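Asks: This is a predicted model, with the sequence first.
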Amino acid sequence: MAEIPKAYEPQEVEKHWNQYWLNNSCFRANPDSAKPAYSIVIPPPNVTGILHLGHVLNNTLQDVLARIAGMKGFETLWLPGTDHAGIATQVVVEKTLRAEGLTKHDLGREKFIERVWEWKEKHGGIIIEQLKKLGCSCDWARERFTMDAEYSRSVTETFIDLYNKGLIYRGKRMVNWCPVSMTALSDEEVSMKTLADTMYYFKVEIAENPGTFLTIATTRPETIPGDSGIAVNPKDKRYAEFIGKHAIRPLPHKLPPEEKLIPIVPAEHVEFEFGTGVLKVTPAHDKTDFEIGKQHGLDFIEVINANATMNRRAGKDLENLDRDQARVCAWDLLEKLGAAVKKEPYEHNVGFSERADVPVEPRLSEQWFLKYPSQDKARQAVVNGDIRFYPDRWAKVFNHWMENIQDWCISRQLWWGHRIPIWYRDDEIRCQAESPGDGWTQDPDVLDTWFSSWLWPFATMDEQTQRKFYPTSVLVTAPEILFFWVARMIMAGFEYTGEKPFSHVYLTGIVRDKLGRKMSKSLGNSPDPLDLIDKYGADALRFGVMRSAPLGQDVLFDEQHVELGRNFCNKLWNVCRFRQLQGETVKSQINPDLLTSDDKWILARLDAAIAELNTALNEYRFTESTHILYRFFWSEYCDWYVEAAKSALYNDDQDRKHNTLAVIDFILSTTLRLFHPFLPFITEELWQDMGYNKSCDKDRGDESIVTAPWPEWISAEFKTRFGIDRTNHDFAAQKYELVTQARNLRRETNIPSNKKIRFVFKPRAHWPQEESASFKLLLNAEPLEINPEFNPPKGTPTTLSPLGELYMPLEGVIDVEAEKARLTKEIEKIKTEISKVEQRLANPAFMEKAPAHVREENLKRKTDWQSKLDHAQSVMNHLCE
RNA sequence: GCGCGCUUAGCUCAGUGGUAGAGCAUUACCUUCACACGGUAGGGGUCGCAGGUUCAAGUCCUGCAGCGCGCACCA
């Protein structure tokens, strides 16, 4: 056993164990195993993606769950993979083409797709490699890609099935069109943004009443050439008389007069108060106008091209202008024509394409739509708790969306993706995977990427794997894709497997910077996780993120959290190093007869930590889990037990020393296992270094910590045999409390903590001889006298505990005034506490109605404070004599 | 507009009716033979506001305010 270095250096350690785990196939899932199954499918990251902190959070959580399940004896599958990210990937590859002076049209569809595959082979594995660096325990042999041949077959078959069920249909509808990506989008891919915009007011003349004008408010004057009607509310007395008449549309102005006439129609939804109460109707470029247009048989005049430039029908002046330029130009024209009335600043919400970050253009086009299958089953599963959300408030959000569900626009005008299995010949249409033969042409569109990822939980598994691992246990993902992905997977699951795809859905928070802003490339506030791993280690990054990611809350990322993780790893490292310096691991049993109160106390604390940890983890309270571990390990084990144990370790009594080492090994080997899911690398390293891979029995260890058993509660039998009970626990706790008070005395009397001084302890009851050693060490006393008859000199600083009185006799002159001041302060504090308790006890209603244990607790509190007061007061009196 | 959250120490957050907590930051002391990526002891909170229920409210109820998110949307 080589001595380990003073500071933990994660880089080599992490590389080494990653390789070891992979070489030994530690994470291979065996579908033939007799063990119960636990499974997770990874939310497939975008194949163009690189690891960001959101991935770190999300995948660390999954890794923790997967590793715990493995240690608990489940046959565990964590299935990794990526999705083909239609738009994003196509955009990336088009960019590389542009660098060569080419467009995708120069290559043609087939060649272009070849290029995408080339790109994917070269760069698509990056994020998978990054996940490995993070320590993810995925079954890498099962990595899947949504464009894999087998997976693609499932996608195509699903389309055909839904088509045959009549749930997929084609329709010419108003869709969300992204003029940059040049494709239709689903409603979910549009997000509203508030814009500081302009409201333009212009007037139109009534053809039948020359000289009478209506003023119209609009934010989009460039669409005036596309207007084919004017709508007013029939109940609006100001305008009702004009219904049925015609207005003269001002743009384009060089048309024959009869082509400028547009009818004035009634529409209930036009509001009196809004704008002028007169609405221009552009049925080809606005969703609500489309409905009005259909209702009144208005013309559908398209004036905007797919790329958001204006076309010929917009008029010579606007033609070829971009929609934004056209807006300015149209207003100029209105001013020249004398039709402009006024413009004013106006704030409103506009739908943006999430992918390209430009305003969506509502556009009339032929698209494929899906009526969602298995809606009722999906809703029911969540309502009756078959599928549970963590935190559960997301169930409400899910329900709300399901209740207002709209048909899904699934066609995309892209080349990269699953091509729609629809074939045309003249007027004939067929839905099938392969071409029906000569003369048939396939629909040019591909399917929305989510139309493939909604099959992910089962399309990634062959039949045998599904039998063992489907439905999966839990899905861990971001709330942003609750509708995009989670809800759709539930419906697909029921439709195609007859079962839910997962039992639990854990929704993470969003990772933000420490100012609460979303991570974004343009803000430059998004640290590269790989840099953090290089600097601090993957374990530190994982622990830091976990420790600051409470359930249901966003995560404010601060590099300090990672630093804390690193410090923690270093502490773990050093306390193990300390153990190593005490000599070889001895495979010896703990002897109950040699246990001190310190030993019993730390075993009891461990038991409590395990219990709390398991409860927290069952409810997915990860942050709390890390806090429990942190507290136990640092504040209890390191701060108190290790320090107390030094008295035995530095002693000549070999039996006691060995027994202490046995306790330490018991605690450490258990603690390392508890930490392993959170800190996989350092715990494996220490597990091997410390020799626990060899020295622990099967019920407490294994060759690798990955397969070592998860610590369950310490058994009642163990506790009885080792005397781990309330009395022993409280004795040690009171001893530590007394030590803290004594250290406080030192500080208040300006005695440095490293100076050994004389203490005299006057125990209240029998004081076991073996308790003195650790007490003395913790006090840094030289000597520590145990003297039940001690009669302190006047003014000796002292403190009281249920165990007895502790005195710190000072050599030389005692500063009486300082001591008086200290006591006065203390007495003040005690009196406040007493009056609080007395107030409560004096209340007859409290004495009558409060439960007995609360009453007793308060009575005891009062007695305790009272004896402290008596003690302090008598010292004070003595001092004043 | 509808819905869902949040508001506790300087900061970030725990705290499901019974003595207000953690980490960071801060103050003082300590370079003590595991660790300065460390140790010891402190200071710091009328728990957003106003009512109510209760013997007892940070915790339950009502109202209000501020912040955030989701959905919908009016040109």
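Replies: Arrived safely.

Asks: show me the contacts for A:Arg312.
Replies: With contact set as C-beta atoms under 8 Å, 6 or more residues apart in numbering, A:Arg312 has these partners: A:Glu319. Using the backbone N, CA and C atoms, a C-beta is placed for each residue, glycine as well.

Asks: quick check: longest strand of chain A.
Replies: strand A:190-206 (DSSP state E).

Asks: So which other helices or strands are in contact with that strand?
Replies: For strand A:190-206, the packing partners by 3 or more C-beta pairs under 8 Å, 6 or more residues apart in numbering; DSSP states H and E come out as strand A:213-218, strand A:246-248, helix A:323-337, strand A:340-353.

Asks: now the first one: mean pLDDT?
Replies: In this model, strand A:213-218 has a mean pLDDT of 93.

Asks: near RNA strand B, anything from it?
Replies: Yes - residues of strand A:213-218 contacting RNA strand B under C-beta under 7 Å from any atom of the strand: A:217-218.

Asks: Just the C-alphas of that strand, formatted as CSV.
Replies: Extracted C-alpha coordinates of strand A:213-218, given in CSV (Å, rounded to 0.1, in the frame of the first residue of the first chain):
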residue,chain,number,x,y,z
PHE,A,213,-63.1,57.2,-44.2
LEU,A,214,-62.4,54.4,-41.7
THR,A,215,-59.2,54.5,-39.7
ILE,A,216,-57.4,51.2,-39.2
ALA,A,217,-54.7,50.3,-36.7
THR,A,218,-52.1,47.8,-37.7
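
Asks: Between helix A:323-337 and it, find me the angle.
Replies: 160 degrees (axes from the mean of the first three to the mean of the last three C-alpha atoms, to 10 degrees).

Asks: ok, strand A:213-218: who's next to it in the sheet?
Replies: Sheet pairing of strand A:213-218 (DSSP bridges) gives strand A:190-206 (antiparallel).

Asks: for the second one, same thing?
Replies: According to DSSP bridges, strand A:246-248 has the following sheet partners: strand A:190-206 (antiparallel), strand A:261-266 (antiparallel).

Asks: Contacts (any at all) between RNA strand B and the first one?
Replies: Read that as strand A:190-206. Yes - shown here: strand A:190-206 in contact with RNA strand B (C-beta under 7 Å from any atom of the strand) through A:191-192.

Asks: what about the helices and strands packed on strand A:190-206, which gets the closest to A:Gly135?
Replies: Closest approach to A:Gly135 among the helices and strands packed on strand A:190-206 (C-beta to C-beta): strand A:340-353, 36.1 Å.

Asks: what is the mean pLDDT for that closest one?
Replies: Strand A:340-353 comes out at a mean pLDDT of 88.

Asks: any chance you could map the helices in the stretch 1-150 of chain A?
Replies: Taking DSSP state H, counting those that start in this stretch as the criterion, the stretch 1-150 of chain A contains helices spanning A:10-23, A:53-71, A:86-99, A:104-107, A:109-123, A:126-134, A:149-164.

Asks: Mean neighbour count, mean pLDDT and distance to A:Glu143 added to those, as TSV?
Replies: As requested, the helices of the stretch 1-150 of chain A are exported to TSV (neighbours: other C-beta atoms under 10 Å; pLDDT from 0 to 100; distance: least, C-beta to C-beta, whole Å):
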stretch	mean neighbour count	mean pLDDT	distance to A:Glu143
helix A:10-23	16	94	13
helix A:53-71	24	93	14
helix A:86-99	18	89	17
helix A:104-107	14	90	28
helix A:109-123	15	92	13
helix A:126-134	19	93	7
helix A:149-164	17	97	12
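
Asks: picking up where we left off before, name the residues of the longest strand of chain A that come out as buried.
Replies: A:190, A:200-206 (16 or more other C-beta atoms under 10 Å).

Asks: for stretch A:737-756, same thing?
Replies: Under the neighbour-count criterion of 16+ other C-beta under 10 Å, stretch A:737-756 has A:738-739, A:742-743, A:745-746, A:749, A:751 buried.

Asks: Find the closest residue to RNA strand B in the stretch 51-200 of chain A.
Replies: Proximity of the stretch 51-200 of chain A to RNA strand B (C-beta to the nearest atom of the strand) peaks at A:Met192, 3.6 Å away.

Asks: Tell me what that residue is bridged to.
Replies: Using DSSP bridges, the bridge partners assigned to A:Met192 are A:Gly351.

Asks: quick one: it and A:Ser353 touch, right?
Replies: No - using C-beta atoms under 8 Å, A:Met192 is not in contact with A:Ser353, being 11.8 Å away.

Asks: quick revisit: between the helices of the stretch 1-150 of chain A, which gets nearest to A:Phe272?
Replies: helix A:86-99 (41.9 Å).

Asks: Could you break chain A into its assigned domains?
Replies: Domain ranges of chain A: A:184-361, A:536-724, A:737-880, per automatic domain parsing.

Asks: near RNA strand B, anything from the longest one?
Replies: Translated: domain A:536-724. Yes - using C-beta under 7 Å from any atom of the strand, we find that domain A:536-724 touches RNA strand B at A:548, A:550, A:552-554, A:556, A:560, A:564, A:566-567, A:569-571, A:574-575, A:577-578, A:581, A:623-624, A:627, A:630-631, A:634-635, A:638-639, A:642-643.

Asks: which residues touch A:Pro283?
Replies: Counting by C-beta under 8 Å, 6+ apart, A:Pro283 has contacts A:226, A:228-229, A:289-290, A:292-294, A:298-301.

Asks: pLDDT at the most centrally placed residue in chain A, what is it?
Replies: For chain A, the residue nearest the mean C-alpha position is A:Thr508 (2.4 Å; C-alpha atoms, centre = their mean). pLDDT recorded at A:Thr508 is 88.

Asks: before we move on, what about A:Gly108?
Replies: On the pLDDT scale, A:Gly108 gets 91.
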